[in-house]
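# I would like the atomic coordinates for the input below:
(chains A and B)
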Amino acid sequence: MLEAHNLGYRVGGRWLLKGLHLSIAPGEVLGILGPNGSGKTTLLRLLAGEIPLSEGEILLEGRPLAVYRPSALARTRAVLSQLQEMGFPFTAYEVAFLGRLPHLEGRREKTEDHAKTLRYLERVQALPLKERLLPTLSGGERMRVEMARLLNQEAKLYLLDEPTNHLDPRYAMDLLQLFRSLAQEGAGVVAVLHDLNLACRFADRLLLLKGGRMVAQGRPEEVLQPNLLQEAYEVAFQAWEDPSGTRVILPLTATRG
Amino acid sequence: MVNQPQFSFPWTRRYRLALLVLAILLPTTLLLGAGIGAYKIAPLEIPAILLKGEGVEYQVLTALRFPRVLGAALVGALLAMAGAVLQGLFRNPLVDPGLIGVSSGAALGAALFIVLVPGSASLEAYALPVWAFLGGLLATQALWWIARTPFGTQVAILLLAGIALNSLVGAAIGLLISASTDQQLRSLTFWTLGGFSGVTWRLLLAGLPFALLALCLLLPLARGLNALTLGEREAFHLGVDANALKRQAVLGSALGVGTAVAMAGGVGFIGLVAPHLFRLVAGPDHRYLLPGSALLGSVLAVLADLLARTLVAPAELPVGILTALLGGPFFLYLVMRFKKEVYRA
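Coordinates of the predicted model:
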């Protein structure tokens, strides 16, 4: 579904990303990890088609990203970026409805478009919020509305930039669960994540970055090893297994005394 | 399956109701504007007078009142819709074509034409909107470059750039005035004050194609502007070609403001007040906001013109003074509210 070969992105003579390879198959969840400034968000923006590549190639459904018109791109991939303040206070319903936009090209909106908006709002349990103004929602409620907007795009690939930021554990789990079930339905998911343990449980494969270069890529148990993590984050890590056999990773804290 | 959900939402009803009320209000104000004045004509008798097609009242209506009232309506609609689109484009409700200098740019373009092109009077009706459009276009493009930062457009920079642009244009027009002949001076003075007394059928018909073109450019932007409220990147994620949207918005609003300035000079604040009032009573959805602002802008401009020529009759106030009296305090109120929201003070 998505293939990226030898990706490079350069700004002012400095390579922010270089020599990256990755691919996502339908039904797969790829987690992107790395310290601050390692190029995770830049990578996501490249995959979203937002900024042009300096080097390499990205194929979405077999076609180069650059040949897609913005609206065709929006019917194929949906992006959840870091939330920012809205220019004008729309209602939750109006925001969720914006997700239909790429499907409304050259035609008027129909009852079906509104029915879908309601259905997706219901799926993320945000139906009761529909008449509220977006600025009056809490972070978790806002995230649900944005998820309904994403679902409304009916895309095949979801790109998420730190989706669990500012979410309490319940909302974070709800959100990840939703994208897991979308993957089960055949979607591809790429998510930039900060929480190593969440990434370990959520993703099928992980990509660990440092300074715009790949440190490791593979199954969570292969990537989440203390020596690799230490190389990336420059902090010592300890790993052990919980009763279910899933790996638990924690950075070693500086001890007192 | 949900049954026609869009009609069950109160806010859609509110949008539709607001548009309906405005659609009734506009012809009413047009009739009032055509009837009231130095020579009084009962508004309800206007259709009968038109059908008769003769007499003093008919002459007053067709030669004086109609071009003036219709011109005011057109100018109000253009300024208000350009204001709504610019507010959406810059993602900020404090934007007004006059405040950020788009109107000034248009005025300078027109002033340059009046003074620098000799024998311009014969061509004036047609060439003036073009020059005003070019001036407005340059100003809007310059503002976009100045106010853009990696974090989106900054309203403080935008307003400061507007101050600079306005004073620069003021100086340039001052220079032009000192270099102009008596005849040109009369044109220029009318322009800087702003008003609808100079609108003739000829001017109105010359401006109409430009106005229609501006409307055709601006109205289809509604969906894209809605997506833009989420942010520039988010709009792209939703399939909006942000550069094309920006180009069309800048072109359309410059054309609208240019045409308005060519017909009536600098009439301020309608572009700020009309979209705001519509958002207040109905909401921010641009699909309704753009036509709603246009209707509301028309109503406001016709009413302002009505007041301008009746308050101190038989003399006449420049309409720009009236809209500033109305819009100045309104802008201050918005600034106070902005302060409350940002600094919680």
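
# Can you tell me the closest non-neighbouring residue to B:L138?
Of all residues not flanking B:L138 in the chain, B:G105 sits nearest, at 5.7 Å (Cβ to Cβ, 6 or more residues apart in numbering or on different chains). For the C-beta atoms, the positions are set from N, CA and C on the backbone; glycine is no exception.

# Does B:I46 lie in a helix or a strand, and which?
helix B:46-52 (DSSP states H and E).

# Give the next helix or strand downstream of that helix.
helix B:56-59.

# quick one: contacts of that following helix?
B:Y39, B:I41, B:I49, B:L50, B:K52 (Cβ atoms under 8 Å, 6 or more residues apart in numbering or on different chains).

# where's the third one relative to A:L22, distance?
Yep, that's B:I49 we're talking about. 77 Å (Cβ to Cβ, to the nearest Å).

# same thing with B:G231?
In terms of Cβ to Cβ, B:G231 sits 26 Å off from A:L22.

# just B:C216 next, same as before
Distance of B:C216 to A:L22, given as Cβ to Cβ: 45 Å.

# now B:I46
Distance, B:I46 to A:L22, by Cβ to Cβ: 72 Å.

# quick one on the thing from earlier: from the contacts of helix B:56-59, which single one is nearest B:A23?
B:L50 (21.1 Å; Cβ to Cβ).

# show me what contacts the closest one?
With Cβ under 8 Å, 6+ apart, B:L50 has these contacts: B:Y58, B:L61.

# Let me know the distance separating it from chain A.
Relative to chain A, B:L50 is positioned 37 Å away (Cβ to the nearest Cβ, to the nearest Å).

# Find me the pLDDT at A:P220, would you?
Note for A:P220: predicted pLDDT of 90.

# Surely it and A:R247 touch.
Yes - A:P220 is within contact range of A:R247, at 7.0 Å (criterion: Cβ atoms under 8 Å).

# check contacts around B:A161.
Going by Cβ under 8 Å, 6+ apart, B:A161 touches B:I100, B:G101, B:A142, B:L143, B:I146, B:A147.

# Against A:E109, how distant is the third one?
It stands for B:A142. Going from B:A142 to A:E109 by Cβ to Cβ gives 37 Å.

# mind checking which helix or strand the most centrally placed residue in chain B is in?
Central residue of chain B (Cα atoms, centre = their mean): B:L79, 0.9 Å from the mean position. Assigned by DSSP H and E, B:L79 belongs to helix B:66-89.

# and that helix, how far from the chain's centre?
Per Cα atoms, centre = their mean, to the nearest Å, the displacement of helix B:66-89 from the mean C-alpha position of its chain is 3 Å.

# Also stretch A:58-77?
17 Å.

# What of stretch B:173-190?
Centroid separation for stretch B:173-190 versus its chain: 24 Å, with Cα atoms, centre = their mean.

# Would you enumerate the residues in contact with the residue nearest to B:L138?
B:G105 makes contact with B:G135, B:G136, B:L137, B:L138, B:A139, B:T140, B:A142, B:L165, B:V169, B:A254 under the criterion Cβ under 8 Å, 6+ apart.

# out of the residues you listed, who's nearest chain A?
B:T140 (18.2 Å; Cβ to the nearest Cβ).

# can you tell me the average pLDDT over the helix or strand hosting that closest one?
Element membership of B:T140, judged by DSSP H and E, is helix B:124-147. If you average the pLDDT over helix B:124-147, you get 83.

# Give me the angle between that helix and helix B:66-89.
With axes from the mean of the first three to the mean of the last three Cα atoms, to 10 degrees applied, the angle from helix B:124-147 to helix B:66-89 works out at 20 degrees.

# Moving C-terminal from helix B:124-147, which element do we reach first?
Sequence order places strand B:148-149 as the next helix or strand after helix B:124-147, per DSSP H and E.

# That following strand near chain A anywhere?
No - contact of strand B:148-149 with chain A (Cβ under 8 Å from any Cβ of the partner chain) is absent, the minimum separation being 14.0 Å.

# contact partners of that strand?
Under Cβ under 8 Å, 6+ apart, the answer for strand B:148-149 is B:I157.

# Can you give me the neighbour number for the residue in chain A that chain B sits nearest to?
For chain A, the residue closest to chain B is A:A74, as judged by Cβ to the nearest Cβ, at 3.0 Å. Using other Cβ atoms under 10 Å in any protein chain shown, A:A74 has 26 other residues around it.

# what's the distance between the residue lying closest to B:K52 once chain neighbours are set aside and chain A?
Nearest non-adjacent residue to B:K52, counting by Cβ to Cβ, 6+ apart: B:Y58, 6.6 Å away. Between B:Y58 and chain A the distance is 43 Å, computed by Cβ to the nearest Cβ.

# tally of neighbours for B:Y58?
Count around B:Y58 with other Cβ under 10 Å applied: 16.

# Which strand residues bridge the residue positioned nearest the centre of chain A?
The residue lying closest to the centre of chain A (Cα atoms, centre = their mean) is A:L160, at 1.5 Å. Beta bridges link A:L160 to A:L80, A:A191, judged by DSSP bridges.

# my guess is B:L143 contacts B:V102, does it?
Yes - shown here, B:L143 and B:V102 form a contact pair, counting by Cβ under 8 Å, at 7.3 Å.

# who touches residue 101 in this structure?
No chain specified, so I'll use chain A. A:A74, B:R223, B:N226, B:A227, B:L238, B:G239, B:V240.

# You answered for a different chain; I wanted chain B.
Going by Cβ under 8 Å, 6+ apart, B:G101 touches B:A139, B:L143, B:A161, B:G162, B:A164, B:L165, B:N166, B:V169.

# Please report phi then psi for it.
Main-chain torsions, B:G101, degrees, to the nearest 10: phi 100, psi 10.

# do you know how far it is from chain A?
Between B:G101 and chain A the computed distance is 21 Å (Cβ to the nearest Cβ).

# same question, B:T189
Distance, B:T189 to chain A, by Cβ to the nearest Cβ: 39 Å.

# Write out the residues of the stretch 101-250 of chain A neighbouring chain B.
Residues of the stretch 101-250 of chain A lying near chain B (Cβ under 8 Å from any Cβ): A:101-102, A:104-105, A:111, A:114-115, A:117-119, A:130-131, A:153.

# In these, which has the lowest confidence score?
Across those, the smallest pLDDT goes to A:E105, namely 85.

# residues contacting that residue?
So A:E105 contacts A:S71, B:G239 (Cβ under 8 Å, 6+ apart).

# Is it in a helix, a strand, or coil?
For A:E105, the assignment made with DSSP: H, G, I helix; E, B strand; the rest coil gives coil.

# Skipping adjacent residues, who's closest to B:P318 in space?
Leaving aside its sequence neighbours, B:P318 sits nearest to B:L193 (Cβ to Cβ, 6+ apart; 4.1 Å).

# residues touching the one you found, list them.
Going by Cβ under 8 Å, 6+ apart, B:L193 touches B:G265, B:G266, B:P318, B:G320, B:I321.

# how near is it to B:G266?
B:L193 is 8 Å from B:G266, by Cβ to Cβ.

# can you list residues touching both of these two?
Listed contacts common to B:L193 and B:G266 are B:G320; contacts here mean Cβ under 8 Å, 6+ apart.

# Assign the closest residue to chain A within the stretch 1-150 of chain B to helix, strand or coil.
Closest residue of the stretch 1-150 of chain B to chain A, Cβ to the nearest Cβ: B:R91 (3.5 Å). What three-state DSSP gives for B:R91 is coil.

# Now for it, how many residues are close by?
B:R91: 20 neighbours (other Cβ under 10 Å).

# hang on, it packs against B:L228?
Yes - counting by Cβ under 8 Å, B:L228 is a contact partner of B:R91 at 6.5 Å.
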